[in-house]
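J.: need a 3D model of the following:
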Amino acid sequence: MGVPAPEILCTDREQRWVIMKRLPGIPIDSEYERWNGCPYDEQEFGILLGRMHRVTPAGWGPIDDTGHALFTSWSDFLLAAARSAIATCADRAAISLALCNRLQQNWLPALAQMHLDTPSLLHMESLGFANIMYTPETRKITGLLDYEDCLGGDPRFEFVWMRFYFEHDGVDQPYFDFQRFAQGYGQIDWEDPVLLLYRPFTYLDKLRWIPISSERATRYNGQLEAMAGMWTREEEDRLSK
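T.: Next up, the predicted model:
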């Protein structure tokens, strides 16, 4: 596929070890607030992620060590992930019971309408901006790392997480040029309503563990409250098409 990744040279399952070929370059500092612009070429990253998304895995959702995905449909994965996230957040009182009920009544039925024919291989491990090797002098990417969180799913799901990580402090962030990324990946409809449907996952994922009295938790609850009533029956029908 032309995607630079660690190559396994030999392994011993009984002894539980593996030897991999060392990649050139150095790892990127994951503290992107200290970056002076993006340290690697966003267009090249778009090309590499596009190549990954053209891989068709064996199914949907998380992929185990044998290459088998754990769900038979995209909607099954979305519903399982959403129910788990809502339950965890409710158990630790990170969201109110009223918000929990609204998400279950409005958001889950909309997720159930998401039916895709073919899964794409999603990277999903910090989306390459933290787990990446590169050459500082040329900004060339020399390796994408950490494939254990790969999913079989919808590329738009990956785009939502990209925007969350880079734009959660504001859309005017200086760390990543989305237009240059699209020059490598291809045309992306950032106004696609499906992206909004996937966005609650980002907030719920953080509300699983951040302090419930923090400013971030209050902000994420506000975002969820604003979205919880958006998915009407008409919207479900539109998404299913």
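J.: what ranges do the helices span in this protein?
T.: With DSSP state H as the criterion, the chain has helices at 42-53, 74-91, 97-102, 108-112, 155-167, 178-185, 193-198, 200-207, 215-228, 233-240.
J.: show me what the fourth one is packed up against.
T.: Which is helix 108-112. If you count contacts as 3 or more CB pairs under 8 Å, 6 or more residues apart in numbering; DSSP states H and E, helix 108-112 packs onto helix 74-91, helix 233-240. Using the backbone N, CA and C atoms, a C-beta is placed for each residue, glycine as well.
J.: how much space between residue 191 and residue 200?
T.: Distance, residue 191 to residue 200, using CB to CB, to the nearest Å: 18 Å.
J.: more crowded one of these two?
T.: Per other CB atoms under 10 Å, whichever of residue 191 and residue 200 has more neighbours is residue 200, with 22 against 7.
J.: who touches that one in this structure?
T.: Shown in contact with residue 200 (CB atoms under 8 Å, 6 or more residues apart in numbering): 82, 103, 107, 224, 227.
J.: could you list the low-pLDDT ranges of this structure?
T.: Applying pLDDT under 70 to the chain flags residues 126-129, 169, 232-241.
J.: one step back: I'd like the helices of the chain laid out as a markdown table, including distance to residue 139.
T.: Output for the helices of the chain, formatted as a markdown table (distance: least, CB to CB, whole Å):
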| stretch | distance to residue 139 |
| --- | --- |
| helix 42-53 | 8 |
| helix 74-91 | 34 |
| helix 97-102 | 43 |
| helix 108-112 | 38 |
| helix 155-167 | 17 |
| helix 178-185 | 11 |
| helix 193-198 | 28 |
| helix 200-207 | 27 |
| helix 215-228 | 31 |
| helix 233-240 | 38 |
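J.: please identify which of these is closest to residue 67.
T.: Nearest to residue 67, of all the helices of the chain, is helix 42-53, at 14.6 Å by CB to CB.
J.: which secondary structure elements does the closest one contact?
T.: strand 120-122, strand 140-144, helix 155-167, helix 178-185.
J.: name the surrounding residues that touch the third one.
T.: With contacts defined as CB under 8 Å, 6+ apart, helix 155-167 is touched by 32, 49, 53, 120, 122-124, 126-127, 129, 151, 173, 175-176, 178, 188, 190, 192, 194-195, 198-199, 201-202.
J.: try it again with 6 Å
T.: Residues outside helix 155-167 that contact it (CB atoms under 6 Å, 6 or more residues apart in numbering) are 53, 120, 122, 127, 173, 175-176, 194-195, 198-199, 202.
J.: same deal with the second one?
T.: Strand 140-144 is contacted by residues 4-5, 23-25, 40, 44, 128, 133-134 when judged by CB under 6 Å, 6+ apart.
J.: how about the CA coordinates for it, as PDB?
T.: C-alpha atoms of strand 140-144 as PDB (Å, rounded to 0.1, in the frame of the first residue of the first chain):
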ATOM      1  CA  LYS A 140       8.600  13.700   5.300                       C
ATOM      2  CA  ILE A 141       6.600  11.000   7.100                       C
ATOM      3  CA  THR A 142       8.700   7.900   7.600                       C
ATOM      4  CA  GLY A 143       6.300   5.800   9.700                       C
ATOM      5  CA  LEU A 144       2.800   5.500  11.000                       C
END
